[in-house]
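> Pasted the sequence and its predicted model underneath.
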Amino acid sequence: MASRKRKATASSSSSGTIAERFASPDAAKRYKDIFSKSKAISERGLSLNKENNDDKEILDMVDTLEWKKFTTPPKQQGHLTIVREFYANFKDRKDNKVNVRGVEIPFSREDIIKFYNLPNLPQEECGYHALQEQEAPDYGAIAEKLGKEADTSWENSKAKRDRQPLKLFLMNLKDVVSLWQHFICAHIIPGGNTSVVTKERAFLLYCIVTGQHVDVAEIMINQVVQVAEKTNPTLFFPCLITALCKKAHVKFPDTDALMSKKQQEAFAPHLESASSSFAQPEADHLIRELLERQERYHQGVMAEMKYLRAQLEAVDAHSKYNSTCFGFIHHNLSQLIKHSEDKAHTPEYHDLPPPPPES
């Protein structure tokens, strides 16, 4: 009996029993099957210095958007175990409250607005929502505003019936836009691949650089809802979730898994603490992106060279064929003339050779 009791105690987490940690048996199952091994993308702030002239443009944008606290590097480190349990319990939320270890955590658009001191925008004042609702957004104007060059272009979808703009590439965008892209990919619409700018992130970038207010709290709530529905998710906003849990006095045992630097580096760009606002991802992340771009460019050039070589070979083959045919035609014509002048002459005609295969 004693050994059985010790075994039961060992199976219980120091954070509490299954019943204490999860809002329902379904939540416990979701944790075990889906969220227990999930990794997360950690939020990253902007490191800005008022004394640095290079930072002035970014600081002006932050002031216009009223994002001072929102863009500040998070003080709370993400507790990965807590965040995993939060997402496992999210579907069982009631009245915009998520049960985490027996504590009701308020989590709504309004709670995010309050936490970050964000402006409480009516929907009709959200520039991002307005762009999303437009039937035919001016994609050219968006690309021109974000791009380094006036002729910056979108990559379109490959569907024949729907050649809609699909994405932009980070290497073609202005430095200030590049910085905001890294911030967005960690803090608003998280994603590990910062080198590709999706249409949704491009809309958001356009609103930011043109000073249009954005209801980021609503976007973040929608992101959390989507993550909670996935079967192989990457978790978002761990610092925010952990801070709200800590504020509600959720217990944080020492055995809880913290967000490690390695996990953060693997899934999110690092806007490092530096005086310049044009903070870049960590060196290995940036080098990896540059190498990937170089490889894609190299493959594209090689494919183009292969195509051009095939075309040149086809032209050369047709040129040789035409010369041969001209010689045969000249010979046959000479034979015909001789036969017309001397009926006793038997003409020797040559058949034209088969044409070269089409390339």
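Here it is on my side, so go on.

> Please make it C-alpha for all contacts and neighbour counts, starting now.
Fine.

> OK, contacts around Glu144?
For Glu144, the contact set (Cα atoms under 8 Å, 6 or more residues apart in numbering) comprises 150-152.

> Most neighbours out of these, which is it?
Within those, most neighbours by other Cα atoms under 10 Å means Thr152, with 18 neighbours.

> That one is in contact with Ile142, isn't it?
No - at 9.5 Å, Thr152 does not count as touching Ile142 under the criterion of Cα atoms under 8 Å.

> about what we covered before: dump the contacts of Glu144 into JSON lines; add pLDDT, secondary structure and distance to Asn120 as well.
Formatted as JSON lines, these follow (pLDDT from 0 to 100; DSSP: H, G, I helix; E, B strand; the rest coil; distance: Cα to Cα, whole Å):
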{"residue": "Ala150", "pLDDT": "80", "secondary structure": "coil", "distance to Asn120": "35"}
{"residue": "Asp151", "pLDDT": "79", "secondary structure": "coil", "distance to Asn120": "36"}
{"residue": "Thr152", "pLDDT": "84", "secondary structure": "coil", "distance to Asn120": "34"}
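
> for these, which one is nearest Thr81?
Thr81 lies nearest to Thr152 out of these, by Cα to Cα, at 43.1 Å.

> I'd like the mean pLDDT over the helix or strand hosting Ala314, please.
When elements are assigned from DSSP states H and E, Ala314 belongs to helix 283-341. Per-residue pLDDT over helix 283-341 has a mean of 78.

> could you say what helices and strands that helix packs with?
Contacts defined by 3 or more Cα pairs under 8 Å, 6 or more residues apart in numbering; DSSP states H and E place helix 283-341 against no helix or strand at all.

> which stretches of the protein aren't confidently modelled?
1-16, 159-162, 260-293, 359 (pLDDT under 70).

> all helices for it, in order.
Taking DSSP state H as the criterion, the chain contains helices spanning 2-11, 18-21, 25-30, 56-65, 80-89, 109-116, 127-133, 139-146, 175-187, 199-209, 216-229, 238-247, 261-267, 283-341.

> and these, which is most packed in?
Mean neighbour count, computed with mean count of other Cα atoms under 10 Å, is highest for helix 80-89 among these, reaching a mean of 26.

> thinking again about what came up before, make TSV out of the helices of the chain and add distance to Glu43.
Shown next, in TSV, are the helices of the chain (distance: least, Cα to Cα, whole Å):
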stretch	distance to Glu43
helix 2-11	32
helix 18-21	25
helix 25-30	24
helix 56-65	17
helix 80-89	13
helix 109-116	13
helix 127-133	21
helix 139-146	23
helix 175-187	5
helix 199-209	16
helix 216-229	12
helix 238-247	7
helix 261-267	9
helix 283-341	16
